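Participant: Could you work out the structure for the sequence below:
(one chain, ligands or ions: 1)
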Amino acid sequence: MSTAPLVTTAPGDMPENSLVSLRDLRVDYRTGKKSYVPVIRGVDLDLYRDESIAIVGESGCGKTTLALAVLRLLPKLGRVSGGTITYRQRAGGLTDVLALDGQELRRFRWTEASIVYQGSMNALNPLLKVRRQFHETVRAHRRNMSADQVEQRSADLLRMVQLEPGRVLPSYPHELSGGMRQRVLIALGLLLDPQLVVLDEPTTALDILTQRAVVEVLREVKDQMHFTMVFVTHDLPLAAELADRVATMYGGRIVELSGVNDTFYAPRHPYTIGLIKAVPPVYGDVPEIASIPGTPPSFGDLPGGCSFHTRCPFAEDICTDEDPPLFVMGERHDVACHFADQMSLARTVGDRT
Ligand code: SF4
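Facilitator: The predicted structure is shown next:
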């Protein structure tokens, strides 16, 4: 399944093992004829080869917008207003994703990077049988596979996601359960062997047992196919199960980025700490569940200084004046908080640890 290389660009400061590098990425949404609000406010992030990274946060924090921007799939009202997205091709050359257009952009999507949307019924064409949707996807994006090859690859992928091809390929989407449709979408997303797969809330609409099955499927296909997986979720247990690293977003910025163990056992940002404390544990005594006070701010009316200060129990004067940069708190652990060195899961208001 060879493809010609995409247009190349200069390496900049992209690390050797990074598949996609975002630098100072900014996205705005149009709110009026000439007015825009910033929704992604300067994100620096490397997506490494073969890793699984979760982007977490409440609804409206910018996590889905960030994922859509990487695939150049922003809605019409959105625009990238600054920064760079650099993609490393299979052969090693680099592509300026924001410069892609027409055929090149079309090929980048699905062949290099694919997305599995939430809401499987909406993402599949309800009028086409699953078999046709596999064949149409290949036809639209790559013409050098025979019908037999498409049939074989579709069947292999469906088996990989624990579905029976003989049952699923001749079915319409409405003839399948929600969990089966979600797994069909995962198989479709892998059809053209992308290096990057983005999953937007992959288990949100599923019951708890089906969620479990989809998590197992994702873990298995990831182990077998070695793509880079980015999943957007507000489900912290899902992030704990599947992610190697976790990026916590608030107000259009990454406010904490760390390995999954640090995120859950040694978080340093009050917002990450608040999210973790709001999830009841599955085992042991149930401690007091503490929700984060207030609601996420509107992007059109973000507070000055640290955008979390209006909800943060540890806010001090400096927090209203100065937006903290991402401070390096350890190996691959960055935190945007003026008092990151004093924060821990155990800290309560008034404590200094
Ligand atoms: Fe809270 Fe201040 Fe840290 Fe922001 S900078 S998270 S307001 S303590």
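
Participant: can you pull the buried residues of the secondary structure element (helix or strand) that Gln182 belongs to?
Facilitator: Using DSSP states H and E, Gln182 sits within helix 178-189. If you call a residue buried by 16 or more other CB atoms under 10 Å, then helix 178-189 has these buried ones: Gly179, Met180, Arg181, Gln182, Arg183, Val184, Leu185, Ile186, Ala187, Leu188, Gly189. In this view, the C-beta of every residue, glycine as well, is placed from N, C-alpha and C.

Participant: In contact with Val43, which residues?
Facilitator: Going by CB atoms under 8 Å, 6 or more residues apart in numbering, Val43 touches Leu22, Asp24, Leu25, Arg26, Leu66, Gly83, Arg253, Ile254.

Participant: which stretch of helix or strand covers the first one?
Facilitator: Taking DSSP H and E as the criterion, Leu22 maps to strand 18-30.

Participant: Show me what that strand packs onto, helices and strands only.
Facilitator: Counting contacts by 3 or more CB pairs under 8 Å, 6 or more residues apart in numbering; DSSP states H and E, strand 18-30 is packed against strand 36-48, helix 63-70, strand 78-88.

Participant: Next secondary structure element downstream of the longest one?
Facilitator: The reference is to strand 36-48. Per DSSP H and E, the first helix or strand lying C-terminal to strand 36-48 is strand 52-56.

Participant: Could I get the CA-only coordinates of that next one as PDB?
Facilitator: Output in PDB follows, covering the C-alpha atoms of strand 52-56 (Å, rounded to 0.1, in the frame of the first residue of the first chain):
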ATOM      1  CA  SER A  52      -1.300   6.500  23.600                       C
ATOM      2  CA  ILE A  53      -2.100  10.000  24.900                       C
ATOM      3  CA  ALA A  54      -5.400  11.100  26.500                       C
ATOM      4  CA  ILE A  55      -6.600  14.700  26.300                       C
ATOM      5  CA  VAL A  56      -8.900  15.200  29.300                       C
END
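
Participant: just the angle between it and helix 63-70, please?
Facilitator: Interaxial angle, strand 52-56 versus helix 63-70 (axes from the mean of the first three to the mean of the last three CA atoms, to 10 degrees): 130 degrees.

Participant: Tell me the strands beside strand 52-56, with direction?
Facilitator: If you go by DSSP bridges, strand 52-56 pairs up with strand 228-233 (parallel), strand 245-250 (parallel).

Participant: Show me the one of the ones you listed that comes nearest the ligand.
Facilitator: Closest to the ligand of these, according to CB to the nearest ligand atom: strand 245-250, at 8.6 Å.

Participant: sec struct for Lys222, please.
Facilitator: Assigned with DSSP: H, G, I helix; E, B strand; the rest coil, Lys222 falls in the helix class.

Participant: Now do the strands in the stretch 201-350 of the chain.
Facilitator: Ranges of strands in the stretch 201-350 of the chain, per DSSP state E, counting those that start in this stretch, are 228-233, 245-250, 253-259, 327-330, 333-335.

Participant: what does the protein put close to the ligand?
Facilitator: Counting by CB under 6 Å from any ligand atom, the chain comes close to the ligand at 269-270, 306, 308-309, 312, 314-315, 319, 324, 337-339.
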